[in-house]
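Chemist: With the input below, show me the fold.
(chains A and B)
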Number of protein chains: 2
Amino acid sequence: MNPIKLYNPGPINVSEDTYKAMSTAMIGHRGSDFVNLYEDIHPKLQKIFNTPEPVYLSTSSAWGIMEASIKNLTSKKVLNCCNGAFSDKWLDVSKRCGLNAESLSAEWGSPICPEELDKKLSTNEFDVVTLVHNETSTGVMNPLKEISEIVNKYEDVLLIVDTVSSFSATPINTEDYKIDVVLTGSQKALALPPGLALFTVSEKALKKAETIPNRGYYFDFLEFHKNWKKMMTPSTPCISLLYGLQHQLNKIFNEGIEARYERHQLLNNIVHSWVNDHGFEHFAPDGYRSKSLTCVANNKDIDVPAWIKRMREKHSLIINGGYGKIKGTTFRISNMGDETAESIKHMLEAITDTLP
Amino acid sequence: MNPIKLYNPGPINVSEDTYKAMSTAMIGHRGSDFVNLYEDIHPKLQKIFNTPEPVYLSTSSAWGIMEASIKNLTSKKVLNCCNGAFSDKWLDVSKRCGLNAESLSAEWGSPICPEELDKKLSTNEFDVVTLVHNETSTGVMNPLKEISEIVNKYEDVLLIVDTVSSFSATPINTEDYKIDVVLTGSQKALALPPGLALFTVSEKALKKAETIPNRGYYFDFLEFHKNWKKMMTPSTPCISLLYGLQHQLNKIFNEGIEARYERHQLLNNIVHSWVNDHGFEHFAPDGYRSKSLTCVANNKDIDVPAWIKRMREKHSLIINGGYGKIKGTTFRISNMGDETAESIKHMLEAITDTLP
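Modeler: You can find the predicted model right below:
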């Protein structure tokens, strides 16, 4: 069977050279070999996070750190900004953790409104805000600068941002925007297999965590920080993925981080042109569209699962047929990772060829 | 630089063929490709766990599930059986989770005493017992049958067993011994990279979890169970490691699980002979020694770090120089994973050659 090339918005395709890097001989995680590995990748991660603060390595999916962030930092009430499947679920997870939680909602397909956020925060009920920067389910990229400016008006409120599907595809200005936690996962624009989450925490947030009881161990931010000082991790880390990450970071800086952002913009434009040229519509409004994936409204009432089956069988590749309550009424095309203009055009020809 | 072959008790060496399996083309985790993968590995895992119950896949190190077990199941008080670095730490983690916790301690190097456990449980204070089957720090294998018989006298007490360094090296009789949670990690005898934990939960324990509030999401046992019914996982799983696991399971059943246990016993005997022949002593008492690693008392007052440095430089392999408070006064030799009599003998010649 031919392998199926994934144009899902994650997990995405992993290159042969990345798998080769992941096959580097195993090392112990409590010795100098591991310290050398972490020391090599750490400054590169800081550059992509745009922060002078520590970057921690979590052996988990991003959901582990999404949950950890609210548990480590909330003492009063968390405001979950909800405008898609993943941000909505963050509210659900907040409640499952027994936290006092409330949503600031926008329609799926719309961005979070900074003015409404301001109104909510002015009640002084909240000490934590969660935001999904790039809602993978709807293709909406929320206005991070404007939102962070609102949160920064409130000195005691911490901002947690999920950049799962935007990290390394578009700049994240952690330091400039004074974001307290920025987290991401390995299986999106970094083009690694899933199983690794990366995150950075502000000094202010670490201080806050010190006041939170019963943080547990596995996802305790202060344990990550304590071990980070030795360039280690609290628990045995996913070493092979870290070798893959080292390799991908080298590729990113060989390409140039700005050149990479431009490439993603270009590939994204190519997909957007295809959407317009074929009479489809965007699910997200102009000005708020993701740079790493495109969520397309199925305005022609296509049988999306049948279409995807055809492209899989005929061209050994797939896009995604929509997520959650907009499954089937939307479809999604990723331009993350190691794609080129050529590979994106090839994919678009294949999906065009199999259109009903 | 030559890769250094690891005779640490984990992470251990990963074979080329396993890395190759881990390089299988990426798949989505919410479709039939993933279901097929889980369906293929699940019955094999049940056979090694010796259970008809579900086996869940956690994208984390084993500590994630060690913490999750006590959090999902304790309503009264957890009794942590402590006789080494990892079991001692489980008590610490219980307290960090805000649980009511107490230890049943034995000296490092001694097994947990079933009679003392009986005495503790007869107070009716406890609803959960934790046990590390094979204390990787001391080389002690606790008497699982006797301990489970004691716990089974108390109908409302659940038994959680960490088999991190014994799983697939020696039989674990989950069903016969009525163990409520058995958990393990990927980087020990399964000879995979770290980043994956496997665990099984009894129906009785799942029922208990239903009564525990604020279980969160990432490590919620009921979420694992709900997703297991669809042969999926709550969060994006470490797919490459699961391809590696599929490959290792096939190797295990090609070898034959009984033959594998016998091989580990044989390799363990070879190491034990070396200990005796070279005038060293075992740290663990006769009858309670691990089958997957050997913890050796440094009765000759060797400079262990210097010795390990020599074997690393001259023979490109290492053993481990002891863990926690017995670092330096013990050293540890692993016979886990894909080792053969020949490779173990080669390693023993190399470490003998570099002895002071």
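
Chemist: Only C-alpha atoms from now on, for both contacts and neighbour counts.
Modeler: OK.

Chemist: So which elements touch the helix or strand hosting residue A:70?
Modeler: Assigned by DSSP states H and E, residue A:70 falls within helix A:62-73. Contacts defined by 3 or more CA pairs under 8 Å, 6 or more residues apart in numbering or on different chains; DSSP states H and E place helix A:62-73 against helix A:85-96, strand A:158-162, strand A:181-185, strand A:197-201, helix A:203-209.

Chemist: Can you dump the C-alpha atoms of the first one in PDB for me?
Modeler: Backbone C-alpha positions of helix A:85-96 (Å, rounded to 0.1, in the frame of the first residue of the first chain) are rendered in PDB as follows:
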ATOM      1  CA  ALA A  85     -13.800  23.000  18.900                       C
ATOM      2  CA  PHE A  86     -10.500  23.200  20.800                       C
ATOM      3  CA  SER A  87     -11.100  26.500  22.600                       C
ATOM      4  CA  ASP A  88     -14.600  25.300  23.600                       C
ATOM      5  CA  LYS A  89     -13.100  22.100  24.900                       C
ATOM      6  CA  TRP A  90     -10.700  24.100  27.100                       C
ATOM      7  CA  LEU A  91     -13.700  25.400  29.000                       C
ATOM      8  CA  ASP A  92     -15.000  21.800  29.400                       C
ATOM      9  CA  VAL A  93     -11.500  20.800  30.700                       C
ATOM     10  CA  SER A  94     -11.500  23.800  33.100                       C
ATOM     11  CA  LYS A  95     -14.700  22.500  34.600                       C
ATOM     12  CA  ARG A  96     -13.500  18.900  34.800                       C
END
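
Chemist: what comes up buried for stretch A:296-304?
Modeler: A:296, A:297, A:298, A:304 (16 or more other CA atoms under 10 Å in any protein chain shown).

Chemist: Format the residues you listed as JSON lines; extra columns: pLDDT and distance to chain B.
Modeler: Formatted as JSON lines, the buried residues of stretch A:296-304 follow (pLDDT from 0 to 100; distance: CA to the nearest CA, whole Å):
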{"residue": "A:296", "pLDDT": "98", "distance to chain B": "19"}
{"residue": "A:297", "pLDDT": "98", "distance to chain B": "21"}
{"residue": "A:298", "pLDDT": "97", "distance to chain B": "21"}
{"residue": "A:304", "pLDDT": "98", "distance to chain B": "15"}
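
Chemist: now those as a markdown table including distance to residue A:126 and secondary structure?
Modeler: Supplementary listing: these in a markdown table, determined by distance: CA to CA, whole Å; DSSP: H, G, I helix; E, B strand; the rest coil:
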| residue | distance to residue A:126 | secondary structure |
| --- | --- | --- |
| A:296 | 35 | strand |
| A:297 | 35 | strand |
| A:298 | 38 | coil |
| A:304 | 41 | helix |
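
Chemist: quick one on the thing from earlier: following element in sequence after the helix holding residue A:70, please.
Modeler: Heading C-terminal from helix A:62-73 (DSSP H and E), you reach strand A:78-82.

Chemist: per-residue confidence averaged over that following strand?
Modeler: For strand A:78-82, the mean pLDDT works out to 98.

Chemist: Now do the SS call for residue A:276.
Modeler: On the three-state scheme (DSSP: H, G, I helix; E, B strand; the rest coil), residue A:276 is labelled helix.

Chemist: Any idea how many residues pack against it?
Modeler: 11 (other CA atoms under 10 Å in any protein chain shown).

Chemist: Give me the spatial nearest neighbour of residue A:232, chain neighbours excluded.
Modeler: Using CA to CA, 6 or more residues apart in numbering or on different chains and skipping the chain neighbours, the partner closest in space to residue A:232 is residue A:35 (6.4 Å).

Chemist: And the helices and strands packed on helix A:62-73: which comes nearest chain B?
Modeler: Proximity to chain B (CA to the nearest CA) singles out helix A:85-96 among the helices and strands packed on helix A:62-73, at 4.7 Å.

Chemist: For residue A:333, give me phi and psi.
Modeler: phi -120, psi 120 (degrees, to the nearest 10).

Chemist: And for the one 3 residues further on?
Modeler: The phi and psi torsions at residue A:336 (degrees, to the nearest 10) take the values phi -80, psi 170.

Chemist: would you list every one of the strands in chain A?
Modeler: For chain A, the strands defined by DSSP state E cover A:5-6, A:55-58, A:78-82, A:101-105, A:128-132, A:134-135, A:140-141, A:158-162, A:181-185, A:197-201, A:281-282, A:293-297, A:317-318, A:330-334.

Chemist: Same list (those strands) but as CSV, adding distance to residue A:22.
Modeler: Listed next are those as CSV, based on distance: least, CA to CA, whole Å:
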stretch, distance to residue A:22
strand A:5-6, 20
strand A:55-58, 16
strand A:78-82, 36
strand A:101-105, 40
strand A:128-132, 29
strand A:134-135, 28
strand A:140-141, 31
strand A:158-162, 25
strand A:181-185, 17
strand A:197-201, 16
strand A:281-282, 37
strand A:293-297, 26
strand A:317-318, 24
strand A:330-334, 24
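
Chemist: Residue B:187 is nearest to which of those strands?
Modeler: strand A:55-58 (16.3 Å; CA to CA).

Chemist: neighbouring strands for the closest one, and are they parallel or not?
Modeler: The strands beside strand A:55-58 in its sheet (DSSP bridges) come out as strand A:197-201 (antiparallel).

Chemist: so the strand it pairs with versus strand A:158-162, what angle?
Modeler: 160 degrees (axes from the mean of the first three to the mean of the last three CA atoms, to 10 degrees).

Chemist: Any buried residues in strand A:197-201, and which?
Modeler: A:197, A:198, A:199, A:200, A:201.

Chemist: what's the answer for stretch A:76-92, then?
Modeler: Buried residues in stretch A:76-92 (16+ other CA under 10 Å): A:77-88, A:90-92.

Chemist: Also stretch A:203-210?
Modeler: A:205, A:206, A:208, A:209.

Chemist: Point me to the residue of the stretch 1-150 of chain A nearest chain B.
Modeler: For the stretch 1-150 of chain A, CA to the nearest CA, closest residue to chain B: residue A:97, 4.3 Å.
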